[in-house]
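> build me a model:
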Amino acid sequence: MSKMMKEILEQPLALKRTLAAERDHARAFADFARKQNFRLIVLVARGTSDNAALFGRYLLELTTGIPVSMCSPSVHTLYHARLDLRQALVVGISQSGEGTDINLVLKSAKRTGAYTLGITNEARSTMAGLVDEVFLVHAGRQRSVAATKTYTGQLLLLYLLASSLSSQIVLGDVSEIPHRVEQVLKLGPEIKAVVERYRYMRRCVVVGRGINMANAYELSLKLMETCYVVAERFSSADFLHGPIAMIEPDFPALVFMPPGKTFQELLKLTAHLHALKAETLVFSSPDARIPGAGRVIRIPDPVPELYTPIPYIVPGQLFAASLAEVKGLNPDKPRELHIVTQTI
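Got it, this is the predicted structure:
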């Protein structure tokens, strides 16, 4: 079994540890945040952590009403712009805590008046030592180059951060997520059987929208780095503004379609893809009726839309790890990649 697959299977325990260690921290931070009256949140990350940040942008704007910006690190590291970040909460997200450009942004943000917060898996990292506040993912050491348990741990901590800033996130609902992941992992044999059909896949699109758009980006990244598939990722809205023109018979399209605000639009898109004779694989709920889907991976138990991203990415992780295996590739040694990547 690959290290990647082992870490996918470790996620329920990693999520439980993270909740147990950081739940009270989130409650304490809520008292502090009320006094600070943050007017802006800035998220800074790279790679898989950047996909977690994209989720965080949706989650935090939906639940807090505070505008959220995705930082462009080069504004700080190459152009040395001086931004007014008073009353801003700047959140760095990094599995290792050693991303050079991320840490340079955090240092710059502190100098210009921001309160800085780090989300990392490494308590002794550079990031943990330089931020004003650190929330730790308690996933244990990451041995796989392809991040899985640290990605879901980051998403979990973003729920806790949102709970500190808004009453819309219910900690009781967040606490159910590890159990939901345990149930999703039982889909492993089904997904492994489905993957055989995609053994020779060289290109695909991955589509989502809203709070699950980050998962489209994350699954796309996993397919590129572990399976060498050219996987383009899109919001379903953007997909209709041009990229749909590349769809032809048997073109693979993977679609995240949870219940909620985005379901009807994605249902129409799937029907459109079916009419174009695309090869569709949909991740959806147990009772969803999707007549246009070629295949459906059904996530056990209905999940409220706000809490779908973690349970919904896990079958995507299983899909990528299993596809690498049937392709005869080692997902633990992707070409040209390392666990820590440093850029400026």
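> show me which helix runs longest in the chain.
The single longest helix within the chain, with elements called by DSSP state H, is helix 11-36.
> report the distance from the helix or strand following that helix to the chain centre.
Using DSSP states H and E, the helix or strand that follows helix 11-36 towards the C-terminus is strand 40-45. From the chain centre to the centre of strand 40-45 is a distance of 15 Å (C-alpha atoms, centre = their mean, to the nearest Å).
> tell me where the stretch 101-250 of the chain has strands.
All strands of the stretch 101-250 of the chain, identified by DSSP state E, counting those that start in this stretch, fall at 115-120, 133-136, 203-208, 230-235.
> can you check what angle separates the longest helix of the chain from strand 115-120?
For helix 11-36 against strand 115-120, the angle between stretch directions is 180 degrees (axes from the mean of the first three to the mean of the last three C-alpha atoms, to 10 degrees).
> helices or strands up against helix 11-36?
strand 133-136, helix 149-165, helix 171-174, helix 177-185 (3 or more C-beta pairs under 8 Å, 6 or more residues apart in numbering; DSSP states H and E). Placement of C-beta: from N, CA and C, glycine included.
> can you check what angle separates that helix from helix 149-165?
Here helix 11-36 runs at an angle of 30 degrees relative to helix 149-165 (the same axes, to 10 degrees).
> now do helix 11-36, average pLDDT.
Helix 11-36 comes out with an average pLDDT of 97.
> show me which residues of that helix are buried.
Residues of helix 11-36 classed as buried: 11-19, 22, 25-26, 29-30, 33 (neighbour count, 16 or more other C-beta atoms under 10 Å).
> tell me how far stretch 4-16 lies from the chain's centre.
For stretch 4-16, the distance to the chain centre is 15 Å (C-alpha atoms, centre = their mean).
> wait, a strand at Ala81?
No. Using DSSP: H, G, I helix; E, B strand; the rest coil, the assignment for Ala81 is coil, not a strand.
> give me every residue that touches it.
Val75 (C-beta atoms under 8 Å, 6 or more residues apart in numbering).
> need phi/psi at it.
phi -70, psi 150 (degrees, to the nearest 10).
> same check on Asn51?
Torsion angles at Asn51 (phi, psi; degrees, to the nearest 10) stand at phi -70, psi -40.
> correct me if wrong: it contacts Leu219.
No. Using C-beta atoms under 8 Å, Asn51 makes no contact with Leu219, being 9.2 Å away.
> residues of stretch 183-202 that come out buried?
Val184, Leu185, Leu187, Gly188, Ile191, Lys192, Val194, Val195, Tyr198, Met201.
> where helices are concerned, which of those count?
With DSSP H as the criterion, helices contain Val184, Leu185, Gly188, Ile191, Lys192, Val194, Val195 from among those.
> ok, for the fourth one, nearest residue in space, not its chain neighbours?
Just to be clear, that refers to Ile191. Leaving aside its sequence neighbours, Ile191 sits nearest to Leu318 (C-beta to C-beta, 6 or more residues apart in numbering; 4.7 Å).
> hmm, back to that, single out the most deeply packed of the strands of the stretch 101-250 of the chain.
Among the strands of the stretch 101-250 of the chain, ranked by average contacts under mean count of other C-beta atoms under 10 Å, first place goes to strand 115-120 (a mean of 26).
> list the strands paired with it, with their directions.
Strand 115-120 has its sheet partners listed here by DSSP bridges as strand 88-94 (parallel), strand 133-136 (parallel).
> ok so, going back, could you identify the most distant pair in the buried residues of stretch 183-202?
Leu185 and Met201 (23.3 Å; C-beta to C-beta).
> measure the residue nearest to Ile191 to Gly188 for me?
6 Å (C-beta to C-beta, to the nearest Å).
> please name the nearest non-neighbouring residue to Ser163.
Nearest one to Ser163, counting by C-beta to C-beta, 6+ apart, is Ile169 at 4.0 Å.
> count of residues packed around that neighbour?
The number of residues packed near Ile169 is 23, by other C-beta atoms under 10 Å.
> show me the contacts for it.
Residues near Ile169 by C-beta under 8 Å, 6+ apart: Leu59, Thr63, Tyr159, Ala162, Ser163, Leu306.
> how distant is the worst-scoring helix or strand of the chain on mean pLDDT from the center of its chain?
Least confident helix or strand of the chain, by mean pLDDT, DSSP states H and E, is helix 73-77 with a mean of 82. On the basis of C-alpha atoms, centre = their mean, helix 73-77 sits 23 Å off its chain's mean C-alpha point.
> show me which positions of that helix end up buried.
Neighbour counts over helix 73-77 (16+ other C-beta under 10 Å) mark Pro73, His76, Thr77 as buried.
> can you list the residues that contact the one helix or strand Thr63 maps to?
Assigned by DSSP H and E, Thr63 belongs to helix 47-64. If you take C-beta under 8 Å, 6+ apart as the criterion, helix 47-64 is touched by 41, 43-45, 66-68, 70, 91, 93-95, 99, 119, 147, 150-151, 154-155, 158-159, 161-162, 165-166, 168-169, 210-211, 213-215, 217-218, 221, 306, 309, 341.
> what are the ranges of the helices in the stretch 201-344 of the chain?
In the stretch 201-344 of the chain, the helices defined using DSSP state H, counting those that start in this stretch lie at 213-227, 236-239, 263-275, 309-326.
> kindly reformat those as a markdown table containing mean pLDDT and mean neighbour count.
Below are the helices of the stretch 201-344 of the chain laid out as a markdown table (pLDDT from 0 to 100; neighbours: other C-beta atoms under 10 Å):
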| stretch | mean pLDDT | mean neighbour count |
| --- | --- | --- |
| helix 213-227 | 97 | 25 |
| helix 236-239 | 86 | 18 |
| helix 263-275 | 94 | 17 |
| helix 309-326 | 98 | 25 |
